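*Asks:* Sharing a model prediction with you, sequence too.
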Protein chains: 2
Amino acid sequence: MMNFKLLFLIILNFLVIISCSEVANKKKSATKPPYAIVIHGGAGTLNQKEMSKEKAMQYTNALDTALTIGESVLKNGGSSLDAVEKTIRYLEDCPLFNAGKGAVFTHDGKNELDASIMDGKNQMAGAVGGVTIVKNPISLARAVMEKSKHVLLTGIGAETFAKENNLEIVDPSYFFTENRWNSLQKIKAEEDSIEQSKRSENPDKKFGTVGCIALDNNGNLAAGTSTGGMTNKRWNRFGDTPIIGAGTYADNNSCAVSCTGHGEYFIRYAVAHDISSLISYKKMTVEEAGNEVIMKKLVEKGGEGGCIILDSFGNIAMPFNSEGMYRGYAKPGQKKIQIFKD
Amino acid sequence: MMNFKLLFLIILNFLVIISCSEVANKKKSATKPPYAIVIHGGAGTLNQKEMSKEKAMQYTNALDTALTIGESVLKNGGSSLDAVEKTIRYLEDCPLFNAGKGAVFTHDGKNELDASIMDGKNQMAGAVGGVTIVKNPISLARAVMEKSKHVLLTGIGAETFAKENNLEIVDPSYFFTENRWNSLQKIKAEEDSIEQSKRSENPDKKFGTVGCIALDNNGNLAAGTSTGGMTNKRWNRFGDTPIIGAGTYADNNSCAVSCTGHGEYFIRYAVAHDISSLISYKKMTVEEAGNEVIMKKLVEKGGEGGCIILDSFGNIAMPFNSEGMYRGYAKPGQKKIQIFKD
């Protein structure tokens, strides 16, 4: 009889020890790839039935090209920072996405661009908010990180810094696209016809933003995000994209994150840093941390959007609580691009 | 013999269970006061020997008045948000501190003010960056939180919003103080005489910022921070003060935090949110979380500054890794004001 009790207690002890170490070991169970890259092109009420096959193909092709650009940097031994910057530059130059060339219009008919980048190796970061004449805000964010002692430069000051550092400057008209202009006119017409109190914040609920996170063969993570913000935005509003800890975060010891969604919620819940904290402090996997923040916390609060997450073992999560999110990833021998839920 | 083994295993099991539950119970051990308020007025290389008794008394008196203002709101059943806003308004109006009236000058000889506020009850937040004509940026931050759908408004847009919402507007010359002007001239003269590569980032290393966190008798926490930024700052740089998660955070379930220091480090390490995460996810006390982030992480990385932390049980921590930090707190029957380490 005594032997059974003893056996029971020994087993109990083992169970306690095993349950404690299991979580810590989860992350290491993945086979670590030499590199990995993940991208997003925004989230929102993308209606699968309303989207033509042709349109879906345009987005899929653009995401595919973006991944190829980033992957070729990583394959050739380039850094995750270079992969993130180059991939986002392509997405900024592509008019399909709400960043760079395809940026949405503010209430005053301007294009105000935000971007940020972060190096997971040393938590160096750079960000810009409200720039109007810089062709590739992600490259300006990187210049802020590498060539200034600051993290966040804004407005005309950031543009002066861009000129001093030979970033490519364009006339504000470069950012004109008919599609985005029409979206602004549509929202403004709706505003005129609806009482202030009944207006929705963002009638078309497309949270365009582009983002990229990468792991290079030195084991370094990087994250970057770029956006034109919210159509019809006023008062030089910044969303989560230029906010380190909200829209972007990278730490080799936890993960790289880039977000897209209703920026105000992502700021209030410090979404990117919260995901990193859950991985660091609660030993969650990228999938568990993404679900906890995007699918539970934000859903409870009404915050729509999604994010991409990558840890230094190459584990990937791409959670979103909206109808769709343009997204994709590539690892050696693997490539996947998706728009809607599968 | 068997009995000893059995006893040993039973004791071992108890120890495991006790060590798990001990941390979780730590927070509840404090006797919860009906209210509490904590303030700071900046951190940095405050030299105890060089500071005259008269100067120290001026600061002590100002901090005492600020605490009295906030305490009277809380004593009379007012909200923690009201206490935070009123206390910071006083500190903004006082020329001793680098916020509002006493703001430092930018490289171009302007005063660009940042502020943020957060409600721990629902994580609503408001912030402004780079405003030049608003007398009390903390009140503008609160208006952004309560009267817009946004969190962060900046520059001229934020000023337009301030006018539309009847905030008190002043001529930029209101922010001129001879003391701050002379600091700018001194730094610029040093710049002219020192090679760019040898310049220190912030020669006088005084990180002026004011902050207040409070707990009201409904158990709600709030946090606010306001600053003029860094003397000689350029390119419309924002520090951590307008960044929710960096300079300011509040969540009834963890704590309220307001930071002061070398803002770039506080952004990169999402200091305010990190402290909140350590309390939420690792069940640290306010003191343990403050020490972990301010005295360990930041010290390792070279990030100078400090913060104030308050949880909903009324526990207070005021860690700083610089020579001094203007700080103080009040609870029923208790009041303490300090400048240097004790």
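*Replies:* Received the coordinates, thanks. Numbers count the residues shown, from 1 in each chain, chains lettered A, B, ... in the order given.
*Asks:* For the stretch 51-200 of chain A, what lies in contact range of chain B?
*Replies:* Within the stretch 51-200 of chain A, the positions adjacent to chain B are A:118, A:123-125, A:129-130, A:148-158, A:160-161 by CB under 8 Å from any CB of the partner chain. To be clear about C-beta, it is placed using only N, CA and C from the backbone, and glycine gets the same treatment.
*Asks:* Look up the closest residue to the most centrally placed residue in chain A, ignoring the ones flanking it.
*Replies:* Nearest to the geometric centre of chain A sits residue A:258, at 2.4 Å (CA atoms, centre = their mean). Nearest non-adjacent residue to residue A:258, counting by CB to CB, 6 or more residues apart in numbering or on different chains: residue A:211, 2.9 Å away.
*Asks:* The one you found pairs with what?
*Replies:* residue A:40, residue A:225 (DSSP bridges).
*Asks:* Do you know the pLDDT at residue A:62?
*Replies:* You'll see residue A:62 listed with a pLDDT of 97.
*Asks:* any idea how far it lies from chain B?
*Replies:* Separation of residue A:62 from chain B (CB to the nearest CB, to the nearest Å) stands at 30 Å.
*Asks:* In contact with that residue, which residues are there?
*Replies:* A:41, A:91, A:94, A:96-97 (CB atoms under 8 Å, 6 or more residues apart in numbering or on different chains).
*Asks:* May I have the residues that are in contact with residue A:34?
*Replies:* So residue A:34 contacts A:217, A:332 (CB under 8 Å, 6+ apart).
*Asks:* For the stretch 1-150 of chain A, which segments count as strands?
*Replies:* A:36-44, A:113-119, A:124-131 (DSSP state E, counting those that start in this stretch).
*Asks:* Let me see the contact set for the residue in the stretch 201-342 of chain A positioned nearest to chain B.
*Replies:* The minimum distance from the stretch 201-342 of chain A to chain B, using CB to the nearest CB, falls at residue A:236 (2.9 Å). If you count contacts by CB under 8 Å, 6+ apart, residue A:236 has them with A:112, A:130, A:155, B:153-158.
*Asks:* now it: how far from residue B:157?
*Replies:* 3 Å (CB to CB, to the nearest Å).
*Asks:* With residue A:303 instead?
*Replies:* Taking CB to CB, one finds residue A:303 at 23 Å from residue B:157.
*Asks:* Compare those two and say which is more crowded by neighbours.
*Replies:* residue B:157 (25 against 20; other CB atoms under 10 Å in any protein chain shown).
*Asks:* From residue B:269, how far off is the more buried one?
*Replies:* For residue B:157 relative to residue B:269 (CB to CB), the value is 29 Å.
*Asks:* Over to residue A:193?
*Replies:* For residue A:193, the distance to residue B:269 - CB to CB - is 47 Å.
*Asks:* More neighbours: these two, which one.
*Replies:* Shown here are residue A:193 and residue B:269; by other CB under 10 Å, residue B:269 has more neighbours (23 against 8).
*Asks:* and that one, what does it touch?
*Replies:* A:123, B:293, B:297-298, B:301, B:303.
*Asks:* quick one: which of these sit in strands?
*Replies:* Taking DSSP state E, every one of the contacts of residue B:269 sits outside strands.
*Asks:* which among those residues end up buried?
*Replies:* A:123, B:293, B:297-298, B:303 (16 or more other CB atoms under 10 Å in any protein chain shown).
*Asks:* quick one, the host helix or strand of residue A:337 and strand A:36-44 angle?
*Replies:* For residue A:337, the element it lies in under DSSP states H and E is strand A:334-340. With axes from the mean of the first three to the mean of the last three CA atoms, to 10 degrees defining the directions, strand A:334-340 sits at 10 degrees from strand A:36-44.
*Asks:* For residue A:110, which non-adjacent residue is closest in space?
*Replies:* Nearest to residue A:110 is residue A:132, by CB to CB, 6+ apart, at 6.1 Å.
*Asks:* Mean confidence (pLDDT) on stretch A:102-115, please.
*Replies:* pLDDT averaged over stretch A:102-115 gives 94.
*Asks:* In it, which of the residues would be classed as buried?
*Replies:* A:102-107, A:111-115.
*Asks:* coming back round to it: using a markdown table, lay out the contacts of residue A:62 together with pLDDT.
*Replies:* As requested, these are arranged in a markdown table below (pLDDT from 0 to 100):
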| residue | pLDDT |
| --- | --- |
| A:41 | 96 |
| A:91 | 98 |
| A:94 | 97 |
| A:96 | 94 |
| A:97 | 95 |
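*Asks:* Chain B: which of the residues you listed is nearest?
*Replies:* residue A:97 (22.4 Å).
*Asks:* The closest one and residue B:138, how far apart?
*Replies:* In terms of CB to CB, residue A:97 sits 37 Å off from residue B:138.
*Asks:* Also residue A:325?
*Replies:* 37 Å.
*Asks:* likewise residue A:112?
*Replies:* In terms of CB to CB, residue A:112 sits 25 Å off from residue B:138.
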